[in-house]
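Student: next one to model:
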Amino acid sequence: MVPSVLIVDDEKHTREGLQQALEDDYDVSVAANADEAANLMDAQPFDVVLTDLRMPGKSGLKVIDKALAQANHPAVLMMTAYGNIETAVEAMKRGAIDFLTKPVNIERLEVLIQRALKTKTLEVEVKQLHERLDEKFNFDHIIGNSPKLKSVIDRVKLVAPSKATILIEGESGSGKELIAQAIHQASPRARGPMIAVHCASLSDNLLESELFGHERGAFTGANERRIGRFESADGGTLFLDEIGEISASTQVKLLRFLETKAIERVGGAKPIDLDVRLVAATNRDLQQMVRDAKFREDLFFRLNVVRIDMPPLRDRAEDVPLLLTHYLKLLSAENKLPDLTLEPGAVRTLQNYGWPGNIRELRNFCENVVVLHRGGALTEYDLDEKFRTAGENTGGTGGGQTGAAGNSLSIEENEKRVLREALIKSRGNRTKAAELMGISRRTLHRKLVQWPELDVID
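Tutor: Predicted structure coming up:
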């Protein structure tokens, strides 16, 4: 599609000369004053507006205001015979991206139009990126309906608009970073940067430099000044994952930031004021670390202004089927493979599994079966033994006691386990399962009527 350019100038020979110079490469429209330009912009969108500054009636500054008020506003270039610093500054303040003096150099004008078109393209891409981030990290994309997860989401909605420092606690893989992203996207800082630092992955010295930056010559190998993550997050949110792993010296610097809202680069002495909201996360018990003198108490209180406890997946087993459906569909599409579905027996078995690795483990499981099975329906007999054994040992409760007395399996539960194993080995063939158990098919059938949750296939 040919880019469109609007030329606004009260001098007829100027606007017509510019039109002739540009019309081979652009769809060019012209206007003799600000009112004509406003009518044209209301009638159709333009990619670039080139306007004179001094015109009878309304000046070119009004053209800039009108152009930038459009929903998908054009890039604006200003031209005038009265070029001076004050005029250029005023035009730039209004939103013009560059400035030309008359008589206009056509070669320079074409360079500036191309630059303006690139700027507009970047603005559109950034807007689309923000829209995708809003969609990806909004609350509708946090999968689950369990009461514990809903409680977390309600708390996030309550605190996200504030400036409060937030501490997210929970096991590894439970979704702490997703919640941190949701906090950022639901806050007034959503158009600012969201910077994440995984503290456990960096050595003490490297982490300090990564967070606060360093001056040239601060240490061996510091050959130039480096901007740290705090400065990069100015106007936005800094997410510190695994905050319990930071050293004592880094704790002191972090505490100082929370008290003063300023940092000093490593090797520097000048405080740098910053507007950064801090969200921290940990899979460790910080209160116990404070009692063990491994974490500063004053820093803990500064971080723990608002605490969000992420429940482990075993405590929200009702969300497992939703997560399985979501990731199986997502990963099938990513790998360009047919959709893989789960039979009811497989869903129940996976729901009863404890998922010690939480959502991260569940996602890895989904990717594994998507790649290996390549579509179709997955039954409980296709699952790894660890999933089936976990379901048997919990009596189908997703992590409860193993027997009637809490320590051992009852006679009935032992019989159910033996029957289940026979069915698995025979892949659901009842005749073969009865032979393995040394009972008649009629007896096996009676037991299956008694225990329909075994979900046998003939």
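Student: how about the strands of the stretch 101-250 of the chain, start to end?
Tutor: Ranges of strands in the stretch 101-250 of the chain, per DSSP state E, counting those that start in this stretch, are 166-169, 194-198, 237-241.
Student: and residue 322, which of the ones you listed is closest to it?
Tutor: Proximity to residue 322 (CB to CB) singles out strand 166-169 among the strands of the stretch 101-250 of the chain, at 21.4 Å. C-beta: built from backbone N, CA, C; applies to glycine.
Student: packing partners for that closest one?
Tutor: Counting by 3 or more CB pairs under 8 Å, 6 or more residues apart in numbering; DSSP states H and E, the packing neighbours recorded for strand 166-169 are helix 176-185, strand 277-282, strand 306-309.
Student: in its sheet, what does the host helix or strand of residue 28 sit against?
Tutor: The secondary structure element spanning residue 28 is strand 27-31 (assigned by DSSP states H and E). Strands adjacent to strand 27-31 in the sheet, as given by DSSP bridges, are strand 4-8 (parallel).
Student: could you list the low-pLDDT ranges of the protein?
Tutor: Counting by pLDDT under 70, the chain contains low-confidence ranges at 82-85, 88, 123-140, 390-412, 414, 453, 455-458.
Student: could you chop it up by domain?
Tutor: Structural domains annotated on the chain: 4-132, 141-311, 314-454, as defined by automatic domain parsing.
Student: how distant is the shortest one from the center of its chain?
Tutor: Using CA atoms, centre = their mean, to the nearest Å, the mean C-alpha position of domain 4-132 is found 36 Å from that of the whole chain.
Student: and what of the last one?
Tutor: Taking the mean C-alpha point of domain 314-454 and that of its whole chain, the gap between them comes to 32 Å (CA atoms, centre = their mean).
Student: what's the end-to-end length of that domain?
Tutor: Start and end residues of domain 314-454 are separated by 21 Å (CA to CA, to the nearest Å).
Student: and the second one, by the same measure?
Tutor: Domain 141-311 has an end-to-end distance of 17 Å (criterion: CA to CA).
Student: could you tell me the end-to-end distance of stretch 259-273?
Tutor: Terminal residues of stretch 259-273 lie 12 Å apart, using CA to CA.
Student: residues contacting that stretch, please?
Tutor: Contacts of stretch 259-273 from elsewhere in the structure, counted by CB atoms under 8 Å, 6 or more residues apart in numbering, are 208-209, 212-219, 222, 225-226, 228, 230-231, 253, 256-257, 274-276, 302.
Student: recalculate using a threshold of 7 Å.
Tutor: 208-209, 212-215, 217-219, 222, 228, 230-231, 257, 274 (CB atoms under 7 Å, 6 or more residues apart in numbering).
Student: turn the strands of the stretch 101-250 of the chain into CSV, including mean neighbour count and distance to residue 385.
Tutor: Written out in CSV, the entries for the strands of the stretch 101-250 of the chain read as follows (neighbours: other CB atoms under 10 Å; distance: least, CB to CB, whole Å):
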stretch, mean neighbour count, distance to residue 385
strand 166-169, 24, 33
strand 194-198, 19, 33
strand 237-241, 24, 33
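Student: format the ones you listed as TSV; extra columns: distance to residue 115.
Tutor: Converted to TSV, the strands of the stretch 101-250 of the chain look like this (distance: least, CB to CB, whole Å):
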stretch	distance to residue 115
strand 166-169	41
strand 194-198	29
strand 237-241	32
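Student: nearest to residue 421, out of those?
Tutor: Minimum separation from residue 421 across the strands of the stretch 101-250 of the chain (CB to CB) falls at strand 166-169, 39.3 Å.
Student: so what strands line up beside the closest one?
Tutor: Based on DSSP bridges, the strands next to strand 166-169 in the sheet, each with its direction, are strand 277-282 (parallel), strand 306-309 (parallel).
Student: winner for burial among the ones you listed?
Tutor: Mean neighbour counts were taken over the strands paired with strand 166-169 using mean count of other CB atoms under 10 Å, and the top value, a mean of 25, falls to strand 277-282.
Student: number of nearby residues for residue 362?
Tutor: 21 (other CB atoms under 10 Å).
Student: show me what contacts it?
Tutor: Counting by CB under 7 Å, 6+ apart, residue 362 has contacts 313, 323-324, 327, 355.
Student: let's go with 10 Å and repeat that
Tutor: The neighbours of residue 362, taking CB atoms under 10 Å, 6 or more residues apart in numbering as the test, are 173, 313, 319-320, 323-324, 326-327, 350, 353, 355.
Student: now, those that are in helices?
Tutor: Counting by DSSP state H, the members of the contacts of residue 362 that fall within helices are 320, 323-324, 326-327, 350.
Student: ok, of the contacts of stretch 259-273, which one's closest to residue 308?
Tutor: When the contacts of stretch 259-273 are compared for distance to residue 308, the smallest value, 20.9 Å, is given by residue 257; criterion: CB to CB.
Student: picking that back up, quick check, nearest of the contacts of stretch 259-273 to residue 97?
Tutor: If you rank the contacts of stretch 259-273 by distance to residue 97 using CB to CB, residue 231 comes first, at 26.0 Å.
Student: out of the helices and strands packed on strand 166-169, which comes closest to residue 425?
Tutor: Smallest distance to residue 425 across the helices and strands packed on strand 166-169 (CB to CB): 40.0 Å, for helix 176-185.
Student: any buried residues in that closest one, and which?
Tutor: 176, 178-185 (16 or more other CB atoms under 10 Å).
Student: only C-alpha atoms, please: export that helix in CSV.
Tutor: Output for helix 176-185, consisting of C-alpha atoms alone and laid out as CSV, is shown next (Å, rounded to 0.1, in the frame of the first residue of the first chain):
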residue,chain,number,x,y,z
LYS,A,176,4.8,-16.6,40.9
GLU,A,177,6.3,-14.8,37.8
LEU,A,178,2.9,-14.9,36.0
ILE,A,179,1.3,-13.2,39.0
ALA,A,180,4.1,-10.6,39.0
GLN,A,181,3.4,-9.9,35.3
ALA,A,182,-0.4,-9.6,36.0
ILE,A,183,0.3,-7.1,38.8
HIS,A,184,2.4,-5.0,36.4
GLN,A,185,-0.2,-5.2,33.6
